[in-house]
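J.: for reference, the sequence and a predicted model appear below.
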Amino acid sequence: MKRLLIFLFITTGLLLAGCGSADEGHSHGEGADHAHDQETQTEPPSSQDTQEEHGHPHDGETDADHTSDSATGSEAALVASEGAGAVTYWTDETELFMEYPEIVVGREATFAVHLTRLSDFSPIASSEVYFSFRSENGTELSARETEVQVPGIYGPDITFKQAGRYDLTIEIYGMVNDTLQVNGIPVYNSVDDIPHTHAEEDPSMITFLKEQQWDIPFATQEVQQRTLTQTVDATGEIMAAQNSQAVVSAPFSGIVLSSQNGNLPVEGQQLQKGASMAVLNPAIQSGGGDNYAQQFINAQSDLELAKANLERSRRLYQKEAIPQAELQKSRIEYRQALTRYQTINEVIQVDTAALEGYGESAESYRFELKAPLSGTIVQSYVTPGMQVEAGQPLYRIADASKVWLKANVPAAQQSRIANASQAAFRVQGDDRLYEVSELGGRLISRANSIDPQSRTLSLIYELDNSKNGLPLGMFSTVHINTETRENVLAIPQSALIEEEGNYNVYVHVSGESFRKQRVTTGIEHRGWVEITSGLQGGEHVVTENAYQVKLASLSSEAPSHGHSH
């Protein structure tokens with residue numbers, strides 16, 4: 001009996017020595033900043049050594065000895081369980097995974113605190129972390145850690161001197177600035193007071209350690225309600241609006257002389273309405289025929305003659321030398337001659353400065369083709385020195401400030417686009433998603449028949465392209481909105497893993513525990529998918545590298561739980 005008492009005394013002394021031993025499973029590394037406060041102390045203490053490593057499950061414990069709790073929210077606090085436990089807690093910026101042992105008055109307790117920054121799911125390091133414990137009767141203890149050997153894992157050693165339930169506040173300053181709250185951590189007077197609750201180990205749980213999560217691209221997402229819009233995908237093309245483009249053709253047979261066309265516009269060049277496009281010299285037809293240039297000369301001569309006759313008739317009518325009917329006839333002849341001249345001169349402008357002897361020959365005229373609208377040269381077929389025939393296309397010019405988006409909807413989907421007023425699209429080589437509504441766009445045309453060659457139904461949206469510069473002729477993928485559902489549970493599509501025709505996700509139950517869950521899906525919208533069954537709001541699912549969790553579930557051996565810091 002005496003030997004037994006001596007043994008117990010020595011054992012108790014070693015336990016109370018706490019941080020003094022370097023050979024225990026939890027030891028302090030050199031140079032680390034790890035400080036403790038005594039009870040009732042509220043100011044941060046001076047720096048001392050920090051622990052070197054701790055293992056979990058902790059000595060004398062198994063996974064079944066821990067109970068796991070989790071919660072989400074930036075304001076709500078998590079309430080700890082009886083005995084030893086593990087808690088997982090999410091805020092908008094931070095994930096807390098904390099394990100703690102069965103805590104007895106006078107015996108040092110080590111907390112294994114894993115902190116993850118949710119913006120990139122990296123371990124929180126190079127930060128000051130304050131731990132403040134406050135009991136129901138006002139007793140306070142605190143600790144601070146600033147440097148750890150394993151980034152993201154903090155392990156304050158706390159010795160409680162009074163039993164009760166303590167609320168823990170964790171304040172982080174550094175990689176994130178955040179505050180976390182865990183309430184009701186139990187501290188017992190003796191080992192005999194600890195409830196003997198042994199949670200049954202769930203065989204469906206998958207262990208994937210924090211170190212494994214931090215070592216790969218990894219992310220989780222809370223299951224939340226969202227508004228999703230179902231779409232029909234179609235191929236598309238950016239086109240010039242029909243009323244914003246024109247083909248400039250040769251009005252007559254002629255030649256584009258190099259001496260008069262040294263600065264012809266090229267494809268992509270911007271032109272203002274009325275700008276010179278080319279100078280065309282008419283071809284001389286010795287054998288007669290339909291010579292457009294000669295028609296212009298004749299029309300100009302007829303106009304001059306009709307104008308002179310009208311002026312003469314006015315003078316004679318004023319002297320009552322001719323009846324009113326003859327004056328009216330002169331007016332009609334003048335208007336007819338003016339109309340013929342204006343019709344020809346609409347696209348052909350005579351360079352009167354180049355005339356040598358008015359009306360002497362067609363060779364004394366050169367005809368300047370001018371831009372019918374402001375826009376960009378889309379196509380050019382003109383080469384200096386070339387001969388052209390009447391009606392031959394020379395340029396195509398388009399105003400790209402207004403464009404059309406033509407969407408070709410598969411015939412099998414045409415019944416789903418009864419209301420296709422809203423759509424979005426991506427063009428080749430550009431990851432941006434353009435909303436038709438944000439471009440001042442509107443649906444202006446819907447075909448009434450299926451194209452027999454492509455088996456598609458075309459929709460045309462008119463877009464304001466003055467600020468975006470979408471290139472004409474660019475192919476695109478168009479997402480046409482068909483149905484909108486509000487307040488549906490949704491997760492990123494990347495969380496889904498398809499197996500034998502079914503979809504599964506991996507639910508993040510707690511810090512290092514995951515559960516495979518089969519789900520049924522609804523509509524999809526821009527990377528999100530509706531979940532109609534299998535998940536509840538507030539749960540977290542793995543959205544990046546979920547396949548690694550699946551591989552962990554297939555492992556025949558449980559991973560080592562030893563953590564060092």
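T.: Everything's here; your move.
J.: number of nearby residues for Glu136?
T.: Applying other Cβ atoms under 10 Å, we find 11 residues neighbouring Glu136. For every residue, glycine as well, the C-beta is placed using N, CA and C.
J.: do Pro101 as well
T.: Other residues near Pro101 come to 23 when the count uses other Cβ under 10 Å.
J.: and the pLDDT for it?
T.: Per-residue confidence (pLDDT) for Pro101: 92.
J.: from Gly511, how far out is it?
T.: 16 Å (Cβ to Cβ, to the nearest Å).
J.: same question for Lys370.
T.: Lys370 sits 74 Å away from Gly511, going by Cβ to Cβ.
J.: and these two? Which one has more around it.
T.: Taking neighbours as other Cβ under 10 Å, Lys370 and Gly511 compare with Gly511 leading, 24 against 17.
J.: doesn't Ala86 make contact with the more buried one?
T.: Yes - with contact defined as Cβ atoms under 8 Å, Gly511 reaches Ala86; the gap is 6.7 Å.
J.: so what sits against both of those two?
T.: Phe97, Met98 (Cβ atoms under 8 Å, 6 or more residues apart in numbering).
J.: enumerate the positions of stretch 473-488 that are buried.
T.: Buried residues in stretch 473-488, defined by neighbour count with 16 or more other Cβ atoms under 10 Å: Met474, Ser476, Val478, His479, Ile480, Asn481, Thr482, Val488.
J.: now, those that are in helices?
T.: Nothing among the buried residues of stretch 473-488 maps onto helices, per DSSP state H.
J.: with pLDDT and distance to Pro195 added, can I get these in TSV?
T.: Shown next, in TSV, are those (pLDDT from 0 to 100; distance: Cβ to Cβ, whole Å):
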residue	pLDDT	distance to Pro195
Met474	92	69
Ser476	95	64
Val478	95	62
His479	93	56
Ile480	93	60
Asn481	91	56
Thr482	88	57
Val488	94	42
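J.: what are the pairing partners of the helix or strand harbouring Ile460, and which direction each?
T.: Ile460 is part of strand 456-464 when elements are defined by DSSP states H and E. Here strand 456-464 has these sheet partners by DSSP bridges: strand 402-410 (antiparallel), strand 442-446 (antiparallel).
J.: distance to Asp202 added to these, as JSON lines?
T.: Formatted as JSON lines, those follow (distance: least, Cβ to Cβ, whole Å):
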{"stretch": "strand 402-410", "distance to Asp202": "47"}
{"stretch": "strand 442-446", "distance to Asp202": "53"}
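J.: go through the ones you listed and pick out the most buried.
T.: strand 402-410 (a mean of 22; mean count of other Cβ atoms under 10 Å).
J.: quick one, the helix or strand following that one and strand 442-446 angle?
T.: Note on strand 402-410: by DSSP H and E, the next helix or strand toward the C-terminus is strand 423-427. Taking axes from the mean of the first three to the mean of the last three Cα atoms, to 10 degrees, one finds that strand 423-427 is oriented at 90 degrees with respect to strand 442-446.
J.: I'd guessed Tyr100 sits against Ala84; true?
T.: Yes - the pair Tyr100 and Ala84 passes the contact test of Cβ under 8 Å, sitting 6.4 Å apart.
J.: which residues in the stretch 301-450 of the chain form strands?
T.: Counting by DSSP state E, counting those that start in this stretch, the segments of the stretch 301-450 of the chain that form strands are 349-350, 367-370, 375-380, 387-388, 393-398, 402-410, 423-427, 434-435, 442-446.
J.: which of those strands has the lowest average pLDDT?
T.: Looking at the strands of the stretch 301-450 of the chain, the bottom one is strand 349-350 with a mean of 50.
J.: and the contacts of the strand holding Ile460?
T.: 234-235, 241, 401-411, 414, 417, 420, 423, 436, 439-447, 449-451, 470, 480.
J.: where in the stretch 151-300 of the chain is pLDDT low?
T.: 198-199, 283-294 (pLDDT under 70).
J.: the longest helix in the chain is where?
T.: helix 292-318.
J.: in that helix, which residues are buried?
T.: Buried residues in helix 292-318 (16+ other Cβ under 10 Å): 292-300, 302-303, 306, 309-310, 313, 317.
J.: stretch 97-117: end-to-end distance?
T.: This stretch, stretch 97-117, spans 12 Å end to end (Cα to Cα, to the nearest Å).
J.: return the set of residues that bridge with Val541.
T.: Applying DSSP bridges, one finds that Val541 bridges with Gln221, Val507.
J.: distance check, it against Ile216.
T.: With Cβ to Cβ as the criterion, Val541 and Ile216 are 17 Å apart.
J.: next one: Leu271
T.: Taken as Cβ to Cβ, the span from Leu271 to Ile216 is 56 Å.
J.: of those two, who's got more company?
T.: Taking other Cβ under 10 Å, Leu271 and Ile216 do not tie; Leu271 has more neighbours (19 against 10).
J.: so what's the more buried one up against?
T.: By Cβ under 8 Å, 6+ apart, the contact set of Leu271 is Pro265, Met277, Ala371, Ser374, Gly375, Thr376, Ile377, Ile397.
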